[in-house]
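**Q** Structure for the following, please:
(one chain, ligands or ions: 1)
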Amino acid sequence: MPRVKDSAFIINKSDFGESDLIITLFTAERGKISTIGKGAKRSRRRFPGSLELFSLVNFNGFIKHPLALTRIDECQLIEPFSAIQDDLRSYFCGCYFLEIANRCCAERQANPALFALLQEIFTFLATLPLNRNFNCRIRLFELQIITLLGFRPQLSACLDCGRELNMGRLFHFSPQTGGLVCNACQPRHPAAFIVSRGTINMLNEAHRLDNELRNKLNFTPQVERESARLCRALLRWHSGCNFNSLKIMERYAENNLPVAIPDPHPVTGNKAKLNYSINGVCT
Ligand SMILES: [Zn+2]
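**A** Numbering: from 1, shown residues only. Got it, this is the predicted structure:
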């Protein structure tokens, strides 16, 4: 049985029996790995506060069989990113990115750039008071993550007939083709929706921005709205599923209220607001 040692983010976890946990990790060297932690709910010695969502950990375990769950024996905390759970907006956005990594990545396919991006996203979400252009940064992270997953939208020519699209103010974006379609081809793409030139220009430029510019950038409400719709349509199309966390995040943004399942075991303080959502978000 090959022993595995790696650093990883905890991207999902669920109960398995009375004392075990199924833990999904996103590792630096092997991508997503589903693991089982025997006795993980009870052992503070082997798992000392290291199994919270978003946590960056060092772990070791065994791979029994290519198709079997990896057994995780020990997990040491490197960085908890616990501040993410102190702010509902950060928390819901964080769960959205966890769910993207969990649902859109195949098992054991290394993606070190995505691992680095998750670290950047969690660092951003954990330092919220310093971030003034929160929504714009989330849009840029969405674009970065779909690019690293191989879904980068094609935004210069019609993906149906190949015609260059450099004129006009409004364009049709087709999620199933992953890019723009011209007016003549649009009837063959009933799921296509309108996107403005400002959004197309921004999305084409965004790949060239460095981090300093990303932190200064702010989108107009229209660009922000269209960019979110485009990225999320691509994610839904490629993953074939609706994201639970996205529904919660969007309802929270509309109502400015937490929308989730009440915790059957309420606690006090900020955690009381937060504990009740995770099963609805990441399972
Ligand atoms: Zn066309």
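
**Q** Next secondary structure element downstream of the longest helix anywhere in the chain?
**A** In the chain, taking DSSP state H as the definition, the longest helix is helix 221-239. Using DSSP states H and E, the helix or strand that directly follows helix 221-239 along the chain is helix 244-255.

**Q** That following helix: how far from the chain's middle?
**A** In terms of Cα atoms, centre = their mean, to the nearest Å, the centre of helix 244-255 is found 14 Å from the chain centre.

**Q** With stretch 234-253 instead?
**A** Using Cα atoms, centre = their mean, the offset of stretch 234-253 from its chain centre is 10 Å.

**Q** Quick one: end-to-end length of it, please.
**A** By Cα to Cα, to the nearest Å, the extent of stretch 234-253 from end to end equals 21 Å.

**Q** buried ones in that stretch?
**A** 234, 235, 238, 239, 243, 244, 245, 246, 248, 249, 250, 252 (16 or more other Cβ atoms under 10 Å). The way it works is simple: take the backbone N, C-alpha and C, and place the C-beta from them, glycine included.

**Q** With adjacent residues omitted, what lies nearest to residue 42?
**A** residue 19 (5.1 Å; Cβ to Cβ, 6 or more residues apart in numbering).

**Q** State the distance from that neighbour to the ion.
**A** 58 Å (Cβ to the ion, to the nearest Å).

**Q** so what's that residue up against?
**A** Shown in contact with residue 19 (Cβ atoms under 8 Å, 6 or more residues apart in numbering): 38, 39, 40, 41, 42.

**Q** one more time with 6 Å, if that's ok
**A** Residues near residue 19 by Cβ atoms under 6 Å, 6 or more residues apart in numbering: 39, 41, 42.

**Q** How about residue 58?
**A** With Cβ under 6 Å, 6+ apart, residue 58 has these contacts: 7, 76.

**Q** With residue 191 instead?
**A** Listed by Cβ under 6 Å, 6+ apart, the contact partners of residue 191 are residue 175.

**Q** One more pass at 7 Å, please.
**A** By Cβ atoms under 7 Å, 6 or more residues apart in numbering, the contact list for residue 191 reads 174, 175, 176.

**Q** Residue 167 and the ion, how far apart?
**A** Using Cβ to the ion, residue 167 is found at 13 Å from the ion.

**Q** Please disregard the earlier target; I meant residue 246.
**A** According to Cβ to the ion, residue 246 and the ion sit 30 Å apart.

**Q** just residue 217 next, same as before
**A** For residue 217 relative to the ion (Cβ to the ion), the value is 31 Å.

**Q** Residue 194 now?
**A** Noted for residue 194: a distance of 15 Å to the ion, by Cβ to the ion.

**Q** is it possible to export the contacts of residue 19 to JSON lines including secondary structure?
**A** Listed next are the contacts of residue 19 as JSON lines, based on DSSP: H, G, I helix; E, B strand; the rest coil:
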{"residue": "39", "secondary structure": "coil"}
{"residue": "41", "secondary structure": "coil"}
{"residue": "42", "secondary structure": "coil"}
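
**Q** Show me what the longest helix of the chain is packed against.
**A** helix 88-104, helix 134-148, strand 193-196, helix 197-206 (3 or more Cβ pairs under 7 Å, 6 or more residues apart in numbering; DSSP states H and E).

**Q** Now do the contacts for the residue most central in space within the chain.
**A** The centroid of the chain falls nearest to residue 97 when counting by Cα atoms, centre = their mean (1.6 Å). By Cβ under 7 Å, 6+ apart, the residues touching residue 97 are 118, 121, 141, 145.

**Q** which SSE is the first one in?
**A** Following DSSP H and E, the helix or strand that holds residue 118 is helix 112-126.

**Q** so where's the stretch 101-250 of the chain uncertain?
**A** Low-confidence segments of the stretch 101-250 of the chain, defined by pLDDT under 70: 128-131.

**Q** where does it come near the ion, residue by residue?
**A** Applying Cβ under 5 Å from the ion, one finds that the stretch 101-250 of the chain approaches the ion through 158, 160, 161, 182, 185.
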